[in-house]
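# give me the fold of what follows.
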Amino acid sequence: MADNRPTVFADGVIEAQVAHGVARITLAVTGTDGKAQPCATLCVPVTQLSAMVNGMGHLIKQIEDRVRAQQQATPAEPAAAPGTDGAPQSGAFRFQS
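Below is the predicted model:
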């Protein structure tokens, strides 16, 4: 079965409000003028908001742990600018919940 879930890139939040038990979070993307522009609205039942925020906090901790482990495993050398060696840049990794 094809995966047809929409993907939304956001680098900020414009506003958040709660009405009728649903948190509505207006996500933003920074435009070329440096100003936040709305790109999507994330709707989450208030009863699930705490679990969602805790899950995001757990993700941040995993990322910090991974970066710390990589820094300890790599000798302290000046980092080359991304893409200067012609190799594709990839820092992606997946986490299991």
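
# ok, the residue nearest to Ala36 when sequence neighbours are not counted - contacts?
Spatial nearest neighbour of Ala36, excluding adjacent residues (CB to CB, 6 or more residues apart in numbering): Ala28 at 3.8 Å. Yep, even glycine has a C-beta here, placed from its N, CA and C like the rest. Residues near Ala28 by CB atoms under 8 Å, 6 or more residues apart in numbering: 10-14, 36-39.

# let's see that with 10 Å instead.
When contacts are counted by CB atoms under 10 Å, 6 or more residues apart in numbering, Ala28 touches 10-15, 35-40.

# in terms of pLDDT, where does it sit?
Each residue has a pLDDT score; the one for Ala28 is 96.

# and for Gly31?
Reported pLDDT for Gly31: 93.

# only alpha carbons, please: show the host helix or strand of the residue nearest to Ala36 as CSV.
According to DSSP states H and E, Ala28 maps onto strand 22-30. C-alpha atoms of strand 22-30 as CSV (Å, rounded to 0.1, in the frame of the first residue of the first chain):
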residue,chain,number,x,y,z
VAL,A,22,-8.7,20.4,20.9
ALA,A,23,-5.3,22.2,20.9
ARG,A,24,-4.8,23.9,17.5
ILE,A,25,-1.2,24.8,16.9
THR,A,26,-0.4,27.0,13.9
LEU,A,27,3.0,25.9,12.5
ALA,A,28,5.2,28.3,10.7
VAL,A,29,8.0,28.3,8.1
THR,A,30,10.4,31.2,7.8
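
# phi first, then psi, for His20.
According to degrees, to the nearest 10, the main-chain angles of His20 amount to phi 50, psi 40.

# tell me the spacing between it and Cys43.
As judged by CB to CB, to the nearest Å, His20 and Cys43 stand 11 Å apart.

# do the same with Gly31
Look at Gly31 and Cys43: by CB to CB, they are 23 Å apart.

# ok so, going back, tell me which of the contacts of Ala28 fall in strands.
Using DSSP state E, the members of these that fall in strands are 12-15, 36-40.
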